[in-house]
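**Student:** need a structure here:
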Amino acid sequence: MEKTKKLIPLAEEEIIGKIYFIRGKKVLIDRDLAALYGVETRVLNQAVKRNLKRFPPDFMFQLTAAEFKNWTSQIVISGSDKMGLRKPPLAFTEEGVAMLSSVLNSEIAIAVNIQIIRIFSRMREAFLTQKDILLKLEQLERKMENRDTDIQTIFAALKELVHIPQTERALIGFKQQEE
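**Tutor:** Got it, this is the predicted structure:
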């Protein structure tokens, strides 16, 4: 009888928690991807090395020593400072994760890739929505700056009206003649 692994959908928070912002891009680290796919990190990296032409620098890159140190400080794991790693890990962008589905051709890899790509898409949509809101706030702020000067001008004119010096003026109205 053939063994089949049952596909268990991953929690969205589990995947989002593994996405880091490195070199101005949202990336997933090789060891996290391997864990999500249910393979060893070395197996994932061997598959990538056999297909390096599919992974240009904007799809995948290796962390520098400084980036590796920063990454290890972002994740709170006790143990050695290298966490069992002999070299800085590979980081995969959204495009690199999509390309991994053609390199790792298992049911789990395909299902996990679909979830990851959907999460990246939702994150992009959320970012664009947030960007639109920020633009509208900036426009409103610019409008309000002009309103502030207009309101200040109105208040200055009102203050002048209140402080007009009162001069003795002749009374107006009906005057009775004295007899």
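**Student:** alpha carbons only for contacts and neighbour counts from here, please
**Tutor:** Will do.
**Student:** could you say which helix or strand contains residue 129?
**Tutor:** Take DSSP states H and E as the rule and residue 129 turns out to sit in helix 107-162.
**Student:** now for that helix, which elements pack on it?
**Tutor:** With contacts defined as 3 or more Cα pairs under 8 Å, 6 or more residues apart in numbering; DSSP states H and E, helix 107-162 has these neighbours: helix 12-16, helix 30-37, helix 94-103.
**Student:** So which of those helices is nearest residue 67?
**Tutor:** helix 30-37 (14.4 Å; Cα to Cα).
**Student:** Tell me the confidence at the residue nearest the centre of the chain?
**Tutor:** Centroid check for the chain by Cα atoms, centre = their mean gives residue 127 as the closest residue, at 5.7 Å. Residue 127 is assigned 75 on the pLDDT scale.
**Student:** how near is it to residue 133?
**Tutor:** Here the distance between residue 127 and residue 133 works out to 10 Å (Cα to Cα, to the nearest Å).
**Student:** Kindly report the same for residue 88.
**Tutor:** Distance from residue 88 to residue 133, by Cα to Cα: 38 Å.
**Student:** Neighbour count: those two, which is higher?
**Tutor:** More neighbours surround residue 88 than the other of residue 88 and residue 133, with 18 against 12 (other Cα atoms under 10 Å).
**Student:** Show me the shaky parts of the protein.
**Tutor:** 1-10, 73-86, 145-146, 164-166, 169, 179 (pLDDT under 70).
**Student:** What is the neighbour count of the nearest residue to residue 99 once chain neighbours are set aside?
**Tutor:** Take residue 99 and drop its neighbours on the chain: the residue closest to it by Cα to Cα, 6 or more residues apart in numbering is residue 54, 7.0 Å away. Residue 54 has 16 neighbours, counted by other Cα under 10 Å.
**Student:** Would you mind confirming that residue 54 makes contact with residue 101?
**Tutor:** No: Residue 54 lies out of contact with residue 101 (Cα atoms under 8 Å); the separation is 11.2 Å.
**Student:** okay, the angle between the helix holding residue 129 and helix 94-103?
**Tutor:** Between helix 107-162 and helix 94-103, the angle comes out at 170 degrees (axes from the mean of the first three to the mean of the last three Cα atoms, to 10 degrees).
**Student:** How far does helix 107-162 sit from its chain's centre?
**Tutor:** 15 Å (Cα atoms, centre = their mean, to the nearest Å).
**Student:** And for stretch 95-104?
**Tutor:** That offset, for stretch 95-104, works out to 22 Å (Cα atoms, centre = their mean).
**Student:** mind putting the helices and strands packed on helix 107-162 in CSV, mean neighbour count and distance to residue 61 included?
**Tutor:** Shown next, in CSV, are the helices and strands packed on helix 107-162 (neighbours: other Cα atoms under 10 Å; distance: least, Cα to Cα, whole Å):
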stretch, mean neighbour count, distance to residue 61
helix 12-16, 13, 20
helix 30-37, 19, 10
helix 94-103, 19, 9
